[in-house]
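Visitor: Kindly generate the corresponding structure for this input.
(2 chains)
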Amino acid sequence: MSARVRFYHGESGAYLGSPTTDDLGTVEVSFDLHGSNVARVEIPRCSAFSQMDQHAPDGLGAFVEVDAQSLGVPDIWLGAIPTTQLGGELPSRVLDATGPALYLDEVPTGPVRETGQPAATIVRNAVQAARRSPWIASVTASSEELGRTAPYGTSATTLWKLATDLETARWEAFYITPRGGGVESDLHWMTLHGGQDFSGEVTLIAGRNCIPQPTAYGLRPKLAESLLVGQSFGLGSDVMASQVTAPDGARPMGIHDALTLALSTRQVRKLAGDHASEVLPDLDQTAQEGLDLVAEATMRRAMIPRLLQQVEVTDCALWPYLRPHSLLRVQLDDDGGVFADAVARVRTVQFRVAPTLACTISVDLWRMIG
Amino acid sequence: MTHPSDSLLHPIHGVAAEDIAAELGHSTGARIGALERMVDRILRYLVLRIRAFRGIQILTGPDAGALVTPDGNGVIGIECQSETGTIQAVEGTPHRMSICPPAGGGGGGCASAYSLISLYTMESGGMLPEGQCVAVGCDKEIILRLGECLTGNISCDPDGNATIDIGINFACICEKCGAPGGGGIG
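Guide: A predicted model of the protein is given here:
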């Protein structure tokens, strides 16, 4: 079992050739919420296939297909090398390919008069009217999407901009799946959370089948984010509620009011006098840690904001489930224990399919409650 | 597992890290991309909804097909020479047009009749009294072009003076104009 790389002509889509396993160095592919994202294919200069004419003839670039389904990669990767990429004196040539965002952004589309048609219908019409082949064989939609008809219109643009703009306008998503053995793909339109739910079948457990990776950005919220989290509480925590004591003469405060006021000290001073601020965090004086504590305490009790995490998946048997939009169950050993039991939506998946196997994913995390 | 810095799987420079950075608003490239998308969306909206005025195309008349375009201030000038007439382009500037009575007569209607009378008045070198004759040199070729409301006759005396008799049918003109009386013509 190994990955298969195929090259196709950049304009006609005609099959050009396929390097053997010996012709390949490192091969990595990445999928994002639209399907094929970027790929990196290393071809040693000693390989006969490293001749430029073979995979980027006529200066028109080439399509690149990476089929690693035999290794468990759920989708075929398909993208394009826009121009000739010379690698200088390096011992190998590295081809950086980009997914359909590259070539669909070169397919012009005409204006769309304001319409309530489903997004899939609008895109399908644009594909059929395109003067330059977008290599989209079909445009399908889930049944839920067909009911959404918010008015939409645009002037002339490109197929990629039209599709991504419709995503934003209709609050939906599309995913492009290559058919394999050629440069044609299928475009599927769905609701924003229309991915497959594997949370009952797959659980990523830290230390067992995955390694949560530290990121350079961390999960610690900024001051402003802490305030937003605190102010979005639906219910207050016992800790914070107990700190707020309404003095005589102050207006009655419910839990929600108390918590809100806890983060708005100036308002408390107005209502309850200066002595109330002694037991409440003052935004001007409280350290970041104090506000983090407030946020964490409430996150444990109530709403968990979506957080982002990068994870290295060490069990290759899980690869078939690692598809953007899919839902997985995650058990991470984070310090706060917030994500000891969480649901993850896969955002991006990176596979190294040659010569060694490896995989990383980025996910949205939500804590499971109940 | 460690990954080389140019690997798509690198924990700091890889795609997953970049995705998280972009989502958190820490990626300059993602911010620029978002700005580009916003500007592009605004431009497309403006083009679709607020179409720029590109001018007027004259579809009939002697200047049929001519395009009169707005100037730098988005303005087209119109020269009003008459309350009725045809729309014509103004030679020498693409930003102006005129509404002119038909020159030289031709055709019927009130405007034609007025124009024809005015033309003869100028050629005679003075006012053309109603029903009067005007003498001009007989060595000139005189061609009378008369509308349906006019009658005329040319005769020369022994001294070589020509006399043109023009009869104006004011009733005919007023019928076509829809105006009472015929005073002021000529």
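
Visitor: State the pLDDT value of the residue in the stretch 101-250 of chain A positioned nearest to chain B.
Guide: Across the stretch 101-250 of chain A, no residue is closer to chain B than residue A:155, which sits at 3.9 Å (CB to the nearest CB). No exception for glycine: its C-beta is placed from N, CA and C like everyone else's. pLDDT for residue A:155: 89.

Visitor: wait, doesn't it sit right on residue B:44?
Guide: Yes. Using CB atoms under 8 Å, residue A:155 is in contact with residue B:44, at 4.5 Å.

Visitor: Looking at these two, which is more packed in?
Guide: More neighbours surround residue B:44 than the other of residue A:155 and residue B:44, with 20 against 16 (other CB atoms under 10 Å in any protein chain shown).

Visitor: Please point out which parts of the one helix or strand that one maps to sit buried.
Guide: Per DSSP states H and E, residue B:44 falls inside helix B:28-49. Across helix B:28-49, burial judged by 16 or more other CB atoms under 10 Å in any protein chain shown covers B:30, B:41, B:44, B:48.

Visitor: so does that helix get close to chain A?
Guide: Yes. If you take CB under 8 Å from any CB of the partner chain as the test, helix B:28-49 does meet chain A, through B:37, B:40, B:41, B:44, B:45, B:47, B:48.

Visitor: Isn't the first one up against residue A:167?
Guide: No. Proximity of residue B:37 to residue A:167 does not meet the contact threshold set by CB under 8 Å, at 10.9 Å.

Visitor: moving C-terminal of the helix holding residue B:44, what's the next helix or strand?
Guide: Sequence order places strand B:56-57 as the next helix or strand after helix B:28-49, per DSSP H and E.

Visitor: Hmm, residue A:194 and residue A:173 touching each other?
Guide: Yes. Counting by CB under 8 Å, residue A:173 sits close enough to residue A:194 to count as a contact (6.6 Å).

Visitor: These two: who's more crowded?
Guide: Neighbour count, other CB under 10 Å: between residue A:173 and residue A:194, residue A:173 has more, with 23 against 17.

Visitor: host element of the more buried one?
Guide: Using DSSP H and E, residue A:173 maps to strand A:172-178.

Visitor: List the buried residues for the helix or strand that that strand is followed by?
Guide: Per DSSP H and E, strand A:172-178 leads on to strand A:185-191 as the next helix or strand towards the C-terminus. Neighbour-count burial for strand A:185-191, with 16+ other CB under 10 Å as criterion, is recorded at A:185, A:187, A:188, A:189, A:190, A:191.

Visitor: Of the residues you listed, just say which sits nearest to residue B:9.
Guide: Among the buried residues of strand A:185-191, residue A:185 lies closest to residue B:9 (CB to CB), at 24.3 Å.

Visitor: The closest one contacts residue A:100, doesn't it?
Guide: Yes. Residue A:185 lies in contact with residue A:100 (CB under 8 Å); the separation is 6.6 Å.

Visitor: what touches both of those two?
Guide: With contacts defined as CB atoms under 8 Å, 6 or more residues apart in numbering or on different chains, the residues shared by residue A:185 and residue A:100 are A:35, A:78, A:135, A:176.

Visitor: These: which two are farthest apart?
Guide: Farthest pair in those, by CB to CB: A:35 and A:135, 12.7 Å.

Visitor: Quick check: neighbours shared by those two?
Guide: A:100, A:185.

Visitor: I'd like to know the phi and psi angles of residue B:15, please.
Guide: phi -70, psi -40 (degrees, to the nearest 10).

Visitor: so how far is residue A:36 from it?
Guide: 12 Å (CB to CB, to the nearest Å).

Visitor: Between these two, which contacts overlap?
Guide: Shared contacts of residue B:15 and residue A:36 (CB under 8 Å, 6+ apart): residue A:30.

Visitor: Next one: residue 135, what pLDDT does it get?
Guide: No chain specified, so I'll use chain A. 96.

Visitor: Hmm, no, I was thinking of chain B.
Guide: For residue B:135, pLDDT reads 41.

Visitor: same check, this time on residue A:113
Guide: According to the model, residue A:113 scores 87 on pLDDT.

Visitor: Quick one: neighbours of residue A:175, just the number.
Guide: Neighbourhood size, residue A:175 [other CB under 10 Å]: 21.

Visitor: what's across from it in the sheet?
Guide: residue A:188 (DSSP bridges).

Visitor: What are the neighbouring residues in contact with it?
Guide: A:33, A:34, A:35, A:187, A:188, A:190, A:324, A:325 are the contacts of residue A:175 under CB under 8 Å, 6+ apart.

Visitor: try 7 Å this time
Guide: Residue A:175 makes contact with A:34, A:35, A:188, A:190, A:325 under the criterion CB atoms under 7 Å, 6 or more residues apart in numbering or on different chains.

Visitor: ok, it to residue A:140 distance?
Guide: Using CB to CB, we find residue A:175 at a distance of 10 Å from residue A:140.

Visitor: what touches both of the two?
Guide: With contacts defined as CB under 7 Å, 6+ apart, the residues shared by residue A:175 and residue A:140 are residue A:188.

Visitor: So residue A:364: helix, strand or coil?
Guide: Using DSSP: H, G, I helix; E, B strand; the rest coil, the structure places residue A:364 in strand.

Visitor: Let me know whether it touches residue A:308 as I believe.
Guide: Yes. Using CB atoms under 7 Å, residue A:364 is in contact with residue A:308, at 6.2 Å.
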